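Asks: Below: sequence and its predicted model.
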Amino acid sequence: MRMARSELQTRRMDAVRAWTSFVERGDDAATLVRPEILSSWTRSVAAITPDVCEAPLADESETAAYWRGSPLQTAVERVEAELRRTAEDGDLVVAVTDPETRILWTYGGRVMRRKAETVNFVAGGRWDDQSVGTNALDLANRHTAPATVFSAEHYAPIVHNWVCWAAPLHDPVTGTHLGVIDISTTWDRTHPIGLATARVLARLIETAMPVSNAHPVAGAADECSQSGLVLRLLGTAETWLDGQRLLLNRRQTEVLALLAMHPEGLSLEHLHALVYGDQAVTLSTLKAEVSHLRSALGGQLSSRPYRLSMPVATDVDLVLSLLRRGRVAAAVDAYGGDLLPGTNSPALTELAEYVAVAVREALLADPQPDAVVRYCELAPYDTEVVEACLARLAGAPHPAVPLLKGRLAAAQR
């Protein structure tokens, strides 16, 4: 449900008072705004004046060349219909940037498109805070974490009527930061799920990344760089083949997940045991599911043993790979939740527990505050991880502390 207008107006007036106190009177606004906003305001005031009327534009040909060479272009093209539909349905403007907060691609609903063009919220626009002041795109890029900037939390008055939500975009395997996706609209259309929507769109783009960038497979030919299978199994089940989403039933997804986890192949009997355990399900039932899968995969599922004959990437492999390299924050960001929640496959139930415990133990050993905040969204009652993080901070100031204490209090009620 959209926030009540009276509540939004109060929030907007508070933001304007804080901005006026800091920008026009030079007062300390430490108690009035979030630390990341105050830090960005400080950078902004040292670099630009509040009367900036538009973002500066980068060289058009250079921007176009960068976009053509970026894996983000392929990913965005694969999901562009969904991005455009989101923008049109919510009258939003959607933008994808590089790591320097230069906009590479954008699309807007009818009203927001016009507003965006007047301030150079367009391809080539430089939206780092030292070019145009505090905004969500810059914060998400700078901190590689989702960010919201509401109304006068923006430094430049030209966007005081906006609310922006941004989420970082990463290479799904290496964790390399590629830029951010941002969705923006007018402040009075603020919605509680705005930031969650930005995160979902970020995951959508990351899932659609070219296989050569997302998950190089040992022995795969270079010609396969634009093809392959991508499975999202953590939290939400999604399957993509060559950038096109496949519509599979739950059992077919489970079979596909098990085949992805066993690249050496599985016999019919072994696959049956992993999928059904001791359930009274016939081999012919499993054969029928495999037959449907083979058709959906264009025949790229061989028999005797059953084996996938294409490059495969899964978010399970990504999370475990990041954990092995000690990249705990990136692993938590890639961890969408329990593996296929509700599955009754004994093998997948065991794998789900393994992944969940591995993520949790990594956080207990290295409770990075931002990663713990993200983890708490998925496991809100895991107080031990929150307590470990607060103990590590030992009273040191950090923007995550109020969120962690609030989560702890809510879980203990």
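Replies: On my side now, so go ahead. Numbers count the residues shown, from 1 in each chain.

Asks: So what's the residue count around residue 308?
Replies: Counted with other C-beta atoms under 10 Å, the neighbours of residue 308 add up to 19. Backbone N, C-alpha and C define where each C-beta goes, glycine included.

Asks: For it, list each beta-bridge partner.
Replies: With DSSP bridges as the criterion, residue 308 is bridged to residue 301.

Asks: contacting residues around it?
Replies: By C-beta atoms under 8 Å, 6 or more residues apart in numbering, the contact list for residue 308 reads 229, 256, 259, 260, 263, 297, 300, 301.

Asks: can you give me the helices for the stretch 101-250 of the chain?
Replies: 110-118, 129-132, 136-143, 194-207, 211-214, 250-261 (DSSP state H, counting those that start in this stretch).

Asks: And the first one, what does it pack against?
Replies: When contacts are defined as 3 or more C-beta pairs under 8 Å, 6 or more residues apart in numbering; DSSP states H and E, helix 110-118 sits against strand 93-97, strand 103-108, strand 177-186.

Asks: Residues touching the first one, excluding its own?
Replies: Right, strand 93-97. 72, 76, 83-84, 86-87, 103-109, 112-113, 115-116, 121, 127, 137, 141, 169, 179-185, 201, 205.

Asks: now those residues: which count as buried?
Replies: 72, 76, 83, 86-87, 103-109, 112-113, 115-116, 121, 127, 137, 141, 169, 179-185, 201, 205 (16 or more other C-beta atoms under 10 Å).

Asks: Same list, the helices and strands packed on helix 110-118, but as TSV with mean pLDDT and distance to residue 43 please.
Replies: Shown next, in TSV, are the helices and strands packed on helix 110-118 (pLDDT from 0 to 100; distance: least, C-beta to C-beta, whole Å):
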stretch	mean pLDDT	distance to residue 43
strand 93-97	97	17
strand 103-108	96	19
strand 177-186	95	17
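
Asks: Relative to residue 39, which of those is closest?
Replies: Residue 39 sits nearest to strand 177-186 of all these, at 17.6 Å, using C-beta to C-beta.

Asks: As PDB, could you dump the C-alpha coordinates of that closest one?
Replies: The C-alpha coordinates for strand 177-186 follow below in PDB (Å, rounded to 0.1, in the frame of the first residue of the first chain):
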ATOM      1  CA  HIS A 177      30.900  -4.100  -9.400                       C
ATOM      2  CA  LEU A 178      29.500  -3.100 -12.800                       C
ATOM      3  CA  GLY A 179      27.200  -0.200 -11.900                       C
ATOM      4  CA  VAL A 180      23.700   0.300 -10.600                       C
ATOM      5  CA  ILE A 181      20.100   0.200 -11.600                       C
ATOM      6  CA  ASP A 182      17.900   3.100 -10.400                       C
ATOM      7  CA  ILE A 183      14.200   3.700 -10.500                       C
ATOM      8  CA  SER A 184      12.900   7.100  -9.800                       C
ATOM      9  CA  THR A 185       9.500   8.900  -9.600                       C
ATOM     10  CA  THR A 186       8.000  11.900  -7.900                       C
END
